[in-house]
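Chemist: Mind looking at a prediction? Sequence and model below.
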Amino acid sequence: MENFEPSIIAFVCNWCTYTAADLAGTSRLYYPKNIRLIRVMCTGMVDPQYIIKAFLEGADGVLVSGCHPGDCHYINGNYKARRRIKLLKEILPQFGFESERLRLTWIGASDGIQFAEIMQELVSQIKALGPNAAKLKMVI
Amino acid sequence: MKKKIGKALVVGAGISGIRSALDLAEIGYGVTLIDRSPHLGGILSQLDYQFPTDRCGMCKMLPLVDRDVSSQYCLRKGLFHENIEILLSTELSSVEGEPGHFHVRLRQKSNWVDPDLCVGCGACAQVCPVEVADTFNAGLTSRKAIYLPVPHAIPNPYIIDMSACTRCGACEAVCPTGAIRLSEQERKKFRILVVDDELIVRDSLKAWFDDEAGFTVDTSESGPDALDKLAERSYQLMLLDIKMPGMDGVQVLQKAKELSPDLQVLMMTAYATVETAVEAMKIGAIDYLIKPFDTETLIPRVLRVYEEIEVSKGREIEVGSLVFCGGTSYFDPAVGKNPFGYKELPGVVTSLEFERILSGSGPSQGKLVRPNDGKPIKKVAWIQCVGSRDLQTNSDFCSNICCMHSIKEALVAKEKSGGDLETAIFYMDMRTFGKSYQRYREEAERSHGVRFERGRVHSIILDKPADETGGDLKLSYTDSSGTVHEEHFDMTVLAVGQRPSIGAEESAKALDIPLNPWGYWETEPFSMTRSRRDGIVLGGAYSGLKDISESVIQASSAALSASRVIHSSGGGLAPETKIVPENADLLRERPKILVTLCTCDDAFSKFIKGQELVSRLERDPAVNAIEFVERTCTATGWESIAGLAEKHRPNRVLIGACLPYVYARKIGELSRKSGINPSLMDVVDIRSSLFPMLGPEEEADSKQCAAMAESTLLAGLAKLKRANPSPAPGVRIHQRALVVGGGIAGMTAALAIADHGFEVDLIEKENQLGGNLSWLKSTLSGHSTHDLLNDTVTKIEKHPLIQVHLDSKVVTSFGQVGHFLTTTQDKDGQPESFEHGVVILATGGEEAATSSFNHGKNEAIITQKELEQGLEHNSIDTEKMESIVMIQCVDSRMEPRNYCSRVCCSSALKHALALKEKNANVAIYIFYRDMMSYGFMETYFTKARKAGIIFIQYNVNEAPEVVIPDNAERNGKAVQVHGYDPILGRKVEIDADLLVLSTGIVPNLPSGLAASFGASIDQDGFFAEADTKWRPVDSMKEGVFACGLAHSPRSIEETIATAEAAAQRSLRILSQEYLSSGKVVASVRHSLCSLCERCIEVCPYEARSLDRDLEKILVNPVMCQGCGSCAAICPNSASVLEGFHEEQIFETIDALLEGTI
């Protein structure tokens, strides 16, 4: 597992984290390329089934990242996400996924540096967890 | 969207400028938005956190209807709107003409880097040898001479700071796209003629400007010779000596100007002939230089001329109105006595510098360390009123925002430190006069432990404490009793006051706008936005600094004033409908996708032209063609895409390039050219995946980078394949407004709307119009409110489009933006119904009744309103009075009415000054908690103290007591007030003939009325804004607005501003017959819907409703903002968000994870 390169799906909100990711990119900040961004309008629209689907399709980690509390363009979408993720973390182990594989963060639009830092941190956390065990068990 | 022929110029692209520009653009006017700085956003680009939410949320200002015409990303990073042309580094050079038809000349400075060519790679900044202080970080960090003015802006080309640049050319050599135009060749084309009879002058100037500065310099020893040279060839600049034998400089100048009128001339003179030089300027010289020359000033002066004439692009436009949204400057605490050691002591910073320390993009990435020595910050002091409320620094005004931003900084700093931070704010009066600000302050004190210390810091010295705790800055301060204390801090933040913006005075002079006594632009009485000159309006801090919500209100009000001028001069005519490309029923057509891949000037060719990527994309049957485009970011690039679309005839286009949101605007253009619906085109970012591969350091990563780019493209395809081509839905607008409340707010709003040609019904419950103005007499600044009332009522009565309904009350209302149905009842109970597209709630407020301080028990105890009425009707005889006491904050700023009413301190000052003027012998005592004489009202506070009025500060738990003595007991005085005077340090007993109570304002907005329109009210009964900062007059429910006292306590002038702002927000809806939504909008698949109504609950915009007759959940597409909460909550996947269908997201996930299992 030395060379394990995790695949991570990140649901990022249009208003904050997506632009932060872009800022990290244009500012030439290094962040691992294991992360695949899916732009959503708001973290409040991230349906738990998207997250479970990502894990079932082999994602080693899923990140949901939006605006800081109080900053949400849609008033309270990030709070909705926060509740939903908390519950989802409770039930993920029943599907065979460690709850640590799912993470929720707030990264504001001008936080390019923080975006890069969190991505590096996330990749090393998921590396420490090892590959998504469920995908190895899957029979097609 | 309809386009009007009217145009406006908005000067200043800070928060106010953006708001005004958007407001004008949204009702269809063309707007040119200029800013002299090279970036948008003004000071807000530097502030990450804004009170009272301590967060941002600026994006909430973006259009809520017809959203796709503007940018849909973080507004702090950038903006575009189809109707707004943004010109940065641009200044206004002249204005001529009349309201409705101004000819405006603009001058755009070159930034020396072609923004269309710059790809922001940063290679230039790496090689630039110059280091200067970075203004973005308030000078706390350094930057290169070639730099990004705001690191997070979109788009973000580099610019060169010519005052710092040494023109070494290093950047030009490394620029991969040739964007930098610093070339010596360019300078060589700039010809200077030096005319002087002294050889040494000619030689040294030639040496400086030719050999060193790189221009082409010719010299002449006499006037006639110079004229010969001028006749031979053209020169751009002449440096001309005045005193020469034979023909003198002035004569040469005259002849030279005849020969070539465009020639710029700088006179050279000794002190003795300065007057002649000034004369020369009258006949066309641009300036004069005094001998002997000093290279430090001479070279930059000539460079400035070079920049101005050679590289700045002149531009002439015609506009109907000008909106000035200039910003503010700040007091420099290093100037003068500098008692706080700013720039001398480590850890003494200004509020803006501290803001940068807190910021994630700041000098320490948001870590709380001192910028100069890296010492961790454990204890911070804020000093208020540095350069405000201070006669010594010539600032007899309050800067309005510093109290609040210091509290905010303390709270944010505490949060960042994780609680391990001591904070103290040293203040005179805590001016928390905004709507929720008093509670914010108390919360900071009570729940977060911010210390508030009433007192004055007189000096700071460096003093290392023995025990290493408490910091090395020793503050000495005096508390209100006069006792001196000393305390150590790590950092001291100086809350610096406002100063008139640089250039504001000159512009005022040029435009013939008067300045007020404090040096700011003066507005007309009762208006925060209209200047003396019709058609020139004010939207920003040119008339004094304001917090965000007030700035936004003022900016909308300014937009209204501007729009009124444009409309009345015929600018509102000639609607022009946008051509929406006709779509065949593409849902039935198989997707044929054209994929274009940007090679980024060949840089990525070897990665993307490889067969692997192309063959993977070709495997997708939806892909029609794959083409390579050399540089998508250039105009040629887009033309070639349009050509490819013509060639391949796809029905969808996927563009692999960079910066997807920057291209949203280009997609609109491409759509017009190719006829493909913009929602069927998408740009995905492959550049950030591929870029690391160019550098040597991440070579090992290259496989991953390629994989990332591939999956990005596959995900883009997945999304595009299922994109819905049907046009965005909308709603029809009933173009008529309803205004509830006939006070000054309601009347102003009604007039503003009616003046734009729309009918208005004005409902008033009383039998006459006027509200509180019917009892008010004058204002603190001495303007008669009678005249205002009479003028306004006359205009209302004469207006053909306004129907006034007196003695009427709203019974019920239902409906949504575009179409409301409201029923009212008159005094006889007769119902009347109104159909309208928007509603403005202007139900007002009134002075709060009280029984505190024995009010009602003695006729000598009255309220401020009773005093005002008594003075007008002469029912109170103050002539014989010897002593009058006023008590401020009666039942206010304490629960349950824990807010400041804003007007009571000014009423008290107004009455106290008037009483003193009538009878100089009367003693007046004012018991106050914090004098809220914000802004320029401070002058009257100073005046009152000078007039001998005694101000006694009290704390809420030591409020004065009022005793009504027996008649015989006390010299015939009616009341006795017992209080504590902190300055005397003892209790005082004051016998008074009259006691005046300032009880504050309560709103008059019944919850039933608000609820019938779908508006919410806050805990104090005022209208609850959709967002206190960014949408201050909107309700959460679109189409419902509020203004005046029902909105918040405020002065007449401020009330009128809210009314105009509410009218402006309404016009954005009323001015269209059919209002389009954004493309990303939710809908319901009724066959799957189980009517559980959870989506209705979860929608933050109240866009959903249950139609019981149809048994369907309906979505109002204009109210829906596309957040997708409904789609996530729906248990049946019946609720869907356009562009984010489940299938699209699932396929995107599949594409991104391809090959992982």
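Modeler: Nice, I can see it.
Chemist: Quick check: longest strand in chain B by residues?
Modeler: In chain B, with assignment by DSSP state E, the single longest strand is strand B:451-462.
Chemist: Could you list the paired strands of it along with their orientation?
Modeler: Its sheet considered, strand B:451-462 pairs with strand B:422-427 (parallel), strand B:473-479 (antiparallel) by DSSP bridges.
Chemist: And the first one, how far out from the chain middle?
Modeler: Its chain's C-alpha centre lies 28 Å from the corresponding centre of strand B:422-427 when counted by C-alpha atoms, centre = their mean, to the nearest Å.
Chemist: got it, and the last one?
Modeler: The gap between where strand B:473-479 is centred and where its chain is centred comes out at 36 Å by C-alpha atoms, centre = their mean.
Chemist: Touching that strand from outside, list them.
Modeler: B:345, B:347-348, B:381, B:426, B:453-463, B:465, B:484-492 (C-beta atoms under 8 Å, 6 or more residues apart in numbering or on different chains). (Glycine included, C-beta is placed from N, CA and C.)
Chemist: Buried residues, that strand. List them.
Modeler: Using 16 or more other C-beta atoms under 10 Å in any protein chain shown as the test for burial, strand B:473-479 gives B:473-475, B:477.
Chemist: who touches the residue of chain A found nearest chain B in this structure?
Modeler: For chain A, the residue closest to chain B is A:Met45, as judged by C-beta to the nearest C-beta, at 2.7 Å. By C-beta under 8 Å, 6+ apart, A:Met45 lies in contact with A:77, B:1123-1125, B:1127-1128, B:1137, B:1140.
Chemist: for chain B, what are the low-confidence residue spans?
Modeler: B:1-4, B:183-185, B:272, B:310-313, B:465-470, B:572-587, B:692-701, B:967-971, B:1157 (pLDDT under 70).
Chemist: Which single residue of it approaches chain A most closely?
Modeler: B:Gly1124 (2.7 Å).
Chemist: my guess is that residue contacts A:Cys42, does it?
Modeler: Yes: because the distance of 6.0 Å satisfies C-beta atoms under 8 Å, B:Gly1124 is recorded as touching A:Cys42.
Chemist: what about these two, which has more around it?
Modeler: A:Cys42 (31 against 27; other C-beta atoms under 10 Å in any protein chain shown).
Chemist: Show the contacting residues for the more buried one.
Modeler: A:13-15, A:66, A:72-74, A:77-78, A:81, B:1123-1125.
Chemist: Same list (those) but as JSON lines, adding secondary structure and distance to B:Glu917.
Modeler: Listed next are the contacts of A:Cys42 as JSON lines, based on DSSP: H, G, I helix; E, B strand; the rest coil; distance: C-beta to C-beta, whole Å:
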{"residue": "A:Cys13", "secondary structure": "strand", "distance to B:Glu917": "60"}
{"residue": "A:Asn14", "secondary structure": "coil", "distance to B:Glu917": "60"}
{"residue": "A:Trp15", "secondary structure": "coil", "distance to B:Glu917": "55"}
{"residue": "A:Gly66", "secondary structure": "strand", "distance to B:Glu917": "59"}
{"residue": "A:Cys72", "secondary structure": "coil", "distance to B:Glu917": "53"}
{"residue": "A:His73", "secondary structure": "coil", "distance to B:Glu917": "53"}
{"residue": "A:Tyr74", "secondary structure": "coil", "distance to B:Glu917": "55"}
{"residue": "A:Gly77", "secondary structure": "helix", "distance to B:Glu917": "57"}
{"residue": "A:Asn78", "secondary structure": "helix", "distance to B:Glu917": "57"}
{"residue": "A:Ala81", "secondary structure": "helix", "distance to B:Glu917": "62"}
{"residue": "B:Cys1123", "secondary structure": "coil", "distance to B:Glu917": "58"}
{"residue": "B:Gly1124", "secondary structure": "coil", "distance to B:Glu917": "63"}
{"residue": "B:Ser1125", "secondary structure": "helix", "distance to B:Glu917": "60"}
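Chemist: Out of the residues you listed, which comes closest to B:Asp685?
Modeler: Checking the contacts of A:Cys42 against B:Asp685 by C-beta to C-beta gives A:Asn14 as the nearest, at 13.5 Å.
Chemist: Quick check: the closest one touching A:Val40?
Modeler: Yes: using C-beta under 8 Å, A:Asn14 makes contact with A:Val40 at a distance of 6.9 Å.
Chemist: Which one of the two is surrounded by more residues?
Modeler: Of the pair A:Asn14 and A:Val40, A:Val40 is the one with more neighbours under other C-beta under 10 Å, namely 27 against 23.
Chemist: Report the contact partners of the more buried one.
Modeler: So A:Val40 contacts A:11-14, A:46, B:1124, B:1140, B:1145 (C-beta under 8 Å, 6+ apart).
Chemist: Swap in 6 Å and give it another go.
Modeler: A:11, A:46 (C-beta atoms under 6 Å, 6 or more residues apart in numbering or on different chains).
Chemist: Near B:Leu769, how many other residues are there?
Modeler: B:Leu769: 23 neighbours (other C-beta under 10 Å).
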